[in-house]
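Peer 1: What follows is a predicted structure for the sequence shown.
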Amino acid sequence: MPRVLVDRFTVPDAAIDINGHVNNQEYIRWMQDIATAHSSDCGWPLARYLEVKSMWVIRSHFIEYVRPAFAGEELLLATWIAGMDTHTSPRKYRFVRARDGKTLAEAETLWVYCDATSGRPAAIPPEVREAFPVVTEATEITAAIAARR
């Protein structure tokens, strides 16, 4: 179970907008993709959520863009669980340019655990809490990213 999941990928031409850099929507798509992958790696793939009739939904996104990303650049995208409340869990993300380690964007999504039948928020059960360790140490996050460079 990875505490910090780091993915490495190349920005495709299709991700570029009229301004010549990565479109904001792409960042959100990549964030959702890595969150799903991290959940699976922690033992909670989509099929398991369906079995227990639960799901995570997004309440909010916050993204701070620091530098632009361009087609053909190799990026590292890291994600980790930053906390766990009764019904919610903030997940953080960092986009880093692989060649020089510069941070391009930092983001956070507030996920709400819900009953899939009613769509209403539900208490996060112990088996879900135990599967997702909370990471708060900056050194752990930095080390995980550096290991993929």
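Peer 2: Noted; the coordinates are in hand.
Peer 1: quick one: buried residues of stretch 42-55?
Peer 2: Going by neighbour count (16 or more other CB atoms under 10 Å), the buried part of stretch 42-55 is Cys42, Trp44, Tyr49, Ser54, Met55. Backbone N, C-alpha and C define where each C-beta goes, glycine included.
Peer 1: Serialize the residues you listed to CSV and add fields for secondary structure and distance to Arg67.
Peer 2: Listed next are the buried residues of stretch 42-55 as CSV, based on DSSP: H, G, I helix; E, B strand; the rest coil; distance: CB to CB, whole Å:
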residue, secondary structure, distance to Arg67
Cys42, coil, 30
Trp44, coil, 33
Tyr49, helix, 35
Ser54, strand, 37
Met55, strand, 34
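Peer 1: Nearest to Val6 among those residues?
Peer 2: Set against Val6, the nearest of those by CB to CB is Cys42 (14.3 Å).
Peer 1: hang on, that closest one packs against Ala35?
Peer 2: No. Here Cys42 does not reach Ala35: they are 10.6 Å apart, not a contact under CB atoms under 8 Å.
Peer 1: Now the longest helix seen in the chain: buried residues?
Peer 2: Determined from DSSP state H, the single longest helix within the chain is helix 24-41. Residues of helix 24-41 classed as buried by neighbour count (16+ other CB under 10 Å): Glu26, Tyr27, Ile28, Trp30, Met31, Ile34, Ala35, Ala37, His38, Ser39.
Peer 1: what do you get for stretch 137-149?
Peer 2: Within stretch 137-149, the residues scored as buried using 16+ other CB under 10 Å are Ile141, Ala144, Ile145.
Peer 1: Over to stretch 125-133?
Peer 2: Neighbour-count burial for stretch 125-133, with 16+ other CB under 10 Å as criterion, is recorded at Val128, Ala131, Phe132.
Peer 1: can you check stretch 80-91 too?
Peer 2: So stretch 80-91, judged by 16+ other CB under 10 Å, has buried residues Trp80, Ile81, Ala82, Met84, Thr88, Ser89, Pro90, Arg91.
Peer 1: same check, this time on stretch 10-26
Peer 2: Val11, Ala15, Ile16, His21, Val22, Glu26.
Peer 1: Nearest to Met1 among these?
Peer 2: The nearest member of the buried residues of stretch 10-26 to Met1, counting by CB to CB, is Glu26 at 27.5 Å.
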